[in-house]
Structure formats: structure tokens, C-alpha cells
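Trainee: Here you go, sequence then predicted model.
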Amino acid sequence: MHGQDVRLETVEITYPNGFRAVRPTDLTIEAGEFFSILGPSGCGKTTLLRAVSGFVQPSRGRVLIGGADMAGKTPDQRPTALIFQNLALFPLMSVRDNVAFGLEARGVPKAQRHARAEELLALVALADQAGKKPTELSGGQRQRVAIARALAVEPAVLLLDEPLSALDLKLRQHMRAELRAIQRKTGVTFIYITHDQGEALAMSDRIAVMNAGRIEQVGPCDEVYSRPDTAFVASFVGEVNRLPGTITRNADGLAVIDTALGPITAANPKALPEGAPASVFVRPEALSLAPVSGDNRISARVERRDLEGPFITLHLRAEPAGVALAAQMANIGTPVAPGALVELGFAPQSAIALPEGALAQTGTEDMAAQ
């Protein structure tokens, strides 16, 4: 098996009722890449996936796979396989026959398709489960059967639509590693749809963040997390503190922003001019209880201390402005109790000033509303 690249050229999808699910989109996914499309429910990510698979035809633009235009090609004529959230395994068939089903539909002889099924079950570590029915397997095992069945027809591109959402947390975390390992072994191009930032960041080579039918940023995971392009990306990908304000000074790639907490210095990658409205975004893990010279400094009172195993999240209220903050640190016995007044700091380079814009409706509460 080997992957092929996928290219979307000005793809737009508008439904007959006039709703534009996907706005004009240009996107290139490299052959053999694990690529995730991340966004909230209703943002158009599944519609985009269905356009690649052939279940939805673009209103405008082209989908190319391996350089070939997919216009007019039905799903079974494309070098793709799609795994749905509900897996759709056949309950009365054995695991072996489930995996071999696509090969049977293509007329592959029984001995050959069973040999291929056994080979793929070994790939997903289920060689000893071939004779069982899907109902006799765990959720994670059924997930791997679905992957083996999809790989049986040797797709160049495997499309996965939120396949882990029905699993519990521990199993989801385990399956992330499993999926990534299978993708690396096969070299097939994976396009993964999810609203879960943790999944996307843990597995992907690159991610695209989508909002309201439009891709707002594409890049490697570290880059999207640490250097978001827009207020939406900053507020959707991971937890974040936000401070709205106005740019008062610019120098050497940094800006001073007048906020409810006073002047804050942050990176200014968009070169926002003096007088421009802006939001400062800073991750909870960037806040430290041991400020150093040059840090932005904030006095705040601890309202709640959440123990999360190796980490502690402090929920604080900055004084005297009354702004809500979240800070995350390693659980190494730091004795901070609710009610304590602490001094926080963060380096200017660990915060980013971005233009005002739409915000995600999930994640850390918007400090401007406090």
C-alpha cells in the first residue's frame, strides 16, 4: 500500500437550500501524511471529507487525488476508503469475513481474500480474533477491525470521520497511538476529522483548523498551537487566557497592549499598529508562580485548585480588576490553596497579540466576560 496526495482547488459546497457548507477552499495534503481537519460541530469538516470520498459533489472547484481529477467519479471508483463513526460492521459475519468483505465484492477468490484478511488482522494485532463475531470484541478491537476492512481494498487515502468519539477516554488515548502506528506501517494517506484538539495534536503531521466553512490555518501541530493565526484558532486549539485591549506601542516584534490588567507585552506577529484593538492570548502553562525580570506580572487570588494527576490547574481572579485566569503547572508539591494571593508572570514571547475576531465557544471562559 502507498498513499497519494489530495488537492482541493477552490472547492465550494453549497446545498440546494442555499446554505454554503464549505467556502472556497484550497488545500494540499501530501502523500503518506497523517492530516487532521479540526473544528467544532457544523463547521463543514465532514462535508469536506465527503467531497474527497465522492459522497458529495463540489458546487465549484476540483478534487484531485494522485493528480487525477475526481469529477464524475463515484465513491467506489476513487482510491479512497471511509470509516464512519458507527463503524458499520456486519454483526453476523466473523471478523475475518468482515475484513474480507470488500475483496469479496470485487470478486477476489475466497482463499486469497482470507489470506489477505489474516495479514491485515495481524497488522492491527487481532490475528487471534479472526473467527469471532464483532459483538464479542471490545470497542477498541472493533475499531481496529474497521480499519483492517478499509485497508483490505488497498486505498491510497483512508478517510476517518470522528472514529474514536464513541470510546471512553483511556481507550481513545490508546487508539490514537494505534492509529498513528498503523498509518506509519502502511504509508497510506490518512485524513482524519475530529473536534477533539487532543486527538489532532497527538496524531497528526499537520492540521487544518476549520470554522464556519472556512479553513483558518494549516500547519504542523506545534506551529498551530504556539503561533495561531487568528483569534478563533487561538481560542479553539487548547485552553487559553484572553485579554482584550488596545495596542499602545510597538518595538522589535513585540507590542504593549493596554488591558484590564494594565500594560501587557506580547509578540505581535501581525504587526498590528498603535491604536489597533487586539486580544492577548496566553496559554495556562505559560503562567508561572515564579516571575523573573522582564515578565508580565499579575497579582491574583486562587479560587480553585484542580488536581489532574501530573498537573495542577489553578483558577484565579486577578486583583484588582477581577479578571478570571487559568494557570497550569506540574504537580510537584507546590502548596497553593484556594484563597491564597499569588504573583503570576509570563514571558512576553509566550503571549501573542492578534486582531479581534470570532472566538470558539469552547475552552477556557473568555476573560473579557468576567
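Mentor: Cool, got the structure.

Trainee: Low-confidence ranges, the stretch 201-350 of the chain, go.
Mentor: Scanning the stretch 201-350 of the chain for pLDDT under 70 picks out 334.

Trainee: For it, which segments count as helices?
Mentor: Secondary structure of the stretch 201-350 of the chain (DSSP state H, counting those that start in this stretch): helices located at 221-226, 231-236.

Trainee: Any chance you could give me the last one in CSV, C-alpha atoms only?
Mentor: Extracted in CSV, the C-alpha atoms of helix 231-236 (Å, rounded to 0.1, in the frame of the first residue of the first chain):
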residue,chain,number,x,y,z
ALA,A,231,-8.4,34.6,17.5
PHE,A,232,-10.6,31.6,16.6
VAL,A,233,-7.6,29.2,16.2
ALA,A,234,-6.1,30.5,19.5
SER,A,235,-9.3,30.0,21.4
PHE,A,236,-10.2,26.6,19.8
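
Trainee: domain parsing for this structure?
Mentor: The record's domain parsing of the chain by automatic domain parsing lists 6-226, 231-369.

Trainee: could I get those domains as TSV with mean neighbour count?
Mentor: Where C-beta positions appear, they are placed from N, C-alpha and C, glycine not excepted. Output for these, formatted as TSV (neighbours: other C-beta atoms under 10 Å):
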stretch	mean neighbour count
domain 6-226	18
domain 231-369	17
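
Trainee: List phi and psi for residue 48.
Mentor: Torsion angles at residue 48 (phi, psi; degrees, to the nearest 10) stand at phi -60, psi -40.

Trainee: Setting the sequence-adjacent residues aside, check what's closest to it.
Mentor: Distances taken as C-beta to C-beta, 6 or more residues apart in numbering place residue 22 nearest to residue 48, at 5.5 Å, with adjacent residues excluded.

Trainee: pLDDT score for the one you found?
Mentor: Looking at residue 22, its pLDDT is 96.

Trainee: swap in residue 170?
Mentor: pLDDT at residue 170 comes out at 80.

Trainee: A helix includes it, no?
Mentor: Yes: judged by DSSP: H, G, I helix; E, B strand; the rest coil, residue 170 forms part of a helix.

Trainee: Not counting stretch 128-140 itself, show me its contacts.
Mentor: 89-96, 98, 117-118, 121, 141-142, 145, 166-168, 171, 174-175, 178 (C-beta atoms under 8 Å, 6 or more residues apart in numbering).

Trainee: Run the chain-centre distance for that stretch.
Mentor: Its chain's C-alpha centre and that of stretch 128-140 lie 29 Å apart, by C-alpha atoms, centre = their mean, to the nearest Å.

Trainee: Same check on stretch 188-204?
Mentor: Per C-alpha atoms, centre = their mean, the centroid offset for stretch 188-204 relative to its chain is 5 Å.

Trainee: Need the distance between the two termini of that stretch.
Mentor: 13 Å (C-alpha to C-alpha, to the nearest Å).

Trainee: Same question for stretch 309-329.
Mentor: 11 Å.

Trainee: Identify the residues contacting residue 331.
Mentor: Shown in contact with residue 331 (C-beta under 8 Å, 6+ apart): 307, 308, 309, 310, 311, 312.

Trainee: give me that answer again for 6 Å
Mentor: Each residue near residue 331 by C-beta atoms under 6 Å, 6 or more residues apart in numbering is listed here: 310, 311, 312.

Trainee: before we move on, what about residue 171?
Mentor: 139, 140.

Trainee: hmm, back to that, so which of the contacts of stretch 128-140 are in helices?
Mentor: If you go by DSSP state H, these have 95-96, 98, 117-118, 121, 141-142, 145, 171, 174-175, 178 in helices.

Trainee: can I get the residues you listed in CSV with distance to residue 78?
Mentor: As requested, these are exported to CSV (distance: C-beta to C-beta, whole Å):
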residue, distance to residue 78
95, 26
96, 26
98, 22
117, 22
118, 27
121, 25
141, 28
142, 25
145, 22
171, 30
174, 31
175, 26
178, 25
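
Trainee: Widest-spaced pair of those?
Mentor: By the measure C-beta to C-beta, 118 and 171 form the most distant pair in the ones in helices among the contacts of stretch 128-140, at 24.8 Å.

Trainee: so where do the helices sit in the stretch 51-200 of the chain?
Mentor: Using DSSP H, counting those that start in this stretch, helices in the stretch 51-200 of the chain cover 95-105, 110-123, 139-152, 169-186, 197-203.

Trainee: mind putting the ones you listed in TSV, distance to residue 356 included?
Mentor: Output for the helices of the stretch 51-200 of the chain, formatted as TSV (distance: least, C-beta to C-beta, whole Å):
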stretch	distance to residue 356
helix 95-105	50
helix 110-123	49
helix 139-152	41
helix 169-186	34
helix 197-203	22
